[in-house]
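Undergrad: okay, here's the prediction I keep looking at, along with the sequence it came from:
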Amino acid sequence: MARSLGRRIGPGLRPGARAGVSVDACLVTGATGGIGRGVALRLAGQVPRLRLLVRGSSSSPPVDAEVVQGDFDDLPSMARAFAGMRTVFLYTPVRPDARLLQTAAEQGVRHVVLLSSASVAKVAPGERNPVAERHRAMERYVRDAGLGSTCLRPDTLASNCLSWAEEIRTHRRVSVPYPSSLRNPIHEDDVALIAALAMLDGDSLRSRSLLLTGPAPLSIRDQVAAIGRASGQAIECREIAAQDAIDRMAQGPGALALDVARRLVAYMEKTTREVPAVASDFFEAAGQAPKAFSEWAAEHAEAFRPPKVPTLAVGPAPAPGTFHSEI
Ligand SMILES: NC(=O)c1ccc[n+]([C@@H]2O[C@H](COP(=O)([O-])OP(=O)(O)OC[C@H]3O[C@@H](n4cnc5c(N)ncnc54)[C@H](OP(=O)(O)O)[C@@H]3O)[C@@H](O)[C@H]2O)c1
């Protein structure tokens with residue numbers, strides 16, 4: 001069942017082509033996010049009722065659907081968002097709260113497709129790791145609320161590479177520790193595909209935790225090279241000291257907590273020695289291979305290209321006395 005569904009709501013999603021299973025009202029949280037946007041696009045036209053949760057009033061959702069405003073930290077707003085919905089695609093909030101899931105259950109939600117993380121499976125339960133702890137807590141809250149669930153546990157998202165975009169655009173360079181560190185980056189849209197399948201086909205993917213990886217391990221250096229090929233430029237992959245990397249990660253906008261930065265860099269060192277496993281869950285659920293990183297790089301090439309230098313238009317001279325401001 002899942003295999004044929006994967007083909008039918010794969011990248012060539014056809015509006016109106018219902019999956020042929022019993023699905024009801026669906027809520028997609030994070031509809032402006034990298035993954036949530038893809039889930040919304042895939043469900044549009046496939047379900048009888050689609051509602052999208054956005055946080056800010058200026059956020060524009062990707063499809064024409066019912067839109068509600070809400071914030072995970074504001075339970076009354078979430079009660080309004082959940083009301084009348086049966087199936088929910090849910091992000092793991094920064095501060096997970098069991099009451100969010102209790103609210104969902106009270107409002108009639110039956111099945112949650114949770115965006116969790118591979119860290120839940122990879123980090124030992126006793127080991128202190130804030131990322132694993134937050135996602136593990138959220139998985140537990142879903143179960144404790146008596147909700148049906150599908151836990152999506154992506155490994156590294158390919159979209160993490162967007163954090164290199166500014167340095168690439170300005171210096172044609174990426175500064176990282178351990179460039180030979182290996183990853184199995186998964187395209188955010190592949191995570192969205194599995195989420196949509198789990199929402200449409202609750203039976204075969206219900207009560208499952210899916211480890212989602214890309215199709216093959218790739219070093220950071222090879223990812224940088226793929227971005228260079230896709231965006232038509234030579235990009236230097238510059239190795240920096242581990243401490244330097246930790247300091248950079250813990251500074252500026254979007255800074256990570258120091259212990260999270262340290263763990264991330266330690267993980268990078270570890271994966272120079274250990275090859276991360278490729279999981280089969282994506283293929284089994286979707287009936288197709290996950291997208292290669294080169295495909296992600298080609299789709300996002302524009303984000304890495306330096307801004308175009310404006311050229312002076314060659315044309316008739318501006319009329320005397322007028323100020324020619326359009327360049
Ligand atoms: N990065 C990785 O390698 C990795 C690995 C495993 C799992 N994950 C999981 O994937 C997530 C990232 O997914 P993504 O790339 O799709 O994220 P994203 O692009 O940052 O999108 C996050 C979405 O959630 C919304 N949101 C954030 N806080 C909210 C709140 N308090 N209330 C309501 N909505 C809120 C955002 O709304 P706004 O548009 O208003 O901000 C946005 O639409 C991580 O947080 C983690 O749970 C990531």
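TA: Here it is on my side, so go on. Being a predicted model, the structure only gives us computed values, none of them experimental. Residues are numbered from 1 along each chain as shown.
Undergrad: tell me where the chain has strands.
TA: 25-28, 49-54, 66-69, 87-91, 111-115, 148-154, 173-176, 182-183, 208-212, 218-219, 236-239 (DSSP state E).
Undergrad: out of those strands, deepest packed?
TA: When the strands of the chain are scored by mean count of other Cβ atoms under 10 Å, the highest mean neighbour count falls to strand 25-28 (a mean of 28). (C-beta placed from N, C-alpha, C; glycine too.)
Undergrad: distance to residue 291 and mean pLDDT for the strands of the chain - can I get that in a markdown table?
TA: Shown next, in a markdown table, are the strands of the chain (distance: least, Cβ to Cβ, whole Å; pLDDT from 0 to 100):
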| stretch | distance to residue 291 | mean pLDDT |
| --- | --- | --- |
| strand 25-28 | 21 | 97 |
| strand 49-54 | 24 | 97 |
| strand 66-69 | 29 | 96 |
| strand 87-91 | 20 | 98 |
| strand 111-115 | 18 | 97 |
| strand 148-154 | 13 | 97 |
| strand 173-176 | 21 | 97 |
| strand 182-183 | 14 | 96 |
| strand 208-212 | 12 | 97 |
| strand 218-219 | 12 | 98 |
| strand 236-239 | 22 | 98 |
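Undergrad: can I get the ones you listed in CSV with distance to residue 298?
TA: Shown next, in CSV, are these (distance: least, Cβ to Cβ, whole Å):
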stretch, distance to residue 298
strand 25-28, 26
strand 49-54, 28
strand 66-69, 31
strand 87-91, 26
strand 111-115, 25
strand 148-154, 20
strand 173-176, 18
strand 182-183, 18
strand 208-212, 21
strand 218-219, 15
strand 236-239, 19
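Undergrad: can I get those in a markdown table including distance to the ligand?
TA: Below are the strands of the chain laid out as a markdown table (distance: least, Cβ to the nearest ligand atom, whole Å):
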| stretch | distance to the ligand |
| --- | --- |
| strand 25-28 | 10 |
| strand 49-54 | 6 |
| strand 66-69 | 9 |
| strand 87-91 | 5 |
| strand 111-115 | 5 |
| strand 148-154 | 4 |
| strand 173-176 | 15 |
| strand 182-183 | 9 |
| strand 208-212 | 8 |
| strand 218-219 | 14 |
| strand 236-239 | 19 |
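Undergrad: out of those strands, flag the one nearest residue 100.
TA: Set against residue 100 and scored by Cβ to Cβ, those come closest in strand 87-91, at 8.3 Å.
Undergrad: so, low pLDDT: which residues of the protein?
TA: By pLDDT under 70, the low-scoring segments of the chain are 1-22, 202, 311-327.
Undergrad: tell me the residues of it that contact the ligand?
TA: Listed as neighbours of the ligand in the chain under the rule Cβ under 6 Å from any ligand atom: 29-30, 32-36, 55-56, 59, 71-73, 91-93, 115, 117-118, 154, 156-157, 159-160, 188.
Undergrad: got a quick PyMOL command for the buried subset of these?
TA: To isolate the buried members of the residues of the chain next to the ligand in PyMOL, using 16 or more other Cβ atoms under 10 Å:
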select buried, resi 29+30+32+33+34+35+36+55+72+91+92+93+115+117+118+154+156+157+159+188
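Undergrad: in helices, which of the residues of the chain next to the ligand fall?
TA: 34, 35, 36, 188 (DSSP state H).
Undergrad: pull the most distant pair out of these.
TA: The widest separation within those (Cβ to Cβ) is 9.6 Å, between 36 and 188.
Undergrad: what residues are up against the residue lying closest to residue 168 once chain neighbours are set aside?
TA: Of all residues not flanking residue 168 in the chain, residue 304 sits nearest, at 4.7 Å (Cβ to Cβ, 6 or more residues apart in numbering). Residue 304 is in contact with 164, 165, 168, 169, 227, 230, 231, 233, 235, counting by Cβ atoms under 8 Å, 6 or more residues apart in numbering.
Undergrad: the last one: how many residues sit nearby?
TA: This means residue 235. If you count neighbours by other Cβ atoms under 10 Å, residue 235 ends up with 20.
Undergrad: that one contacts residue 167, correct?
TA: No. Under the criterion of Cβ atoms under 8 Å, residue 235 is not in contact with residue 167, lying 9.2 Å apart.
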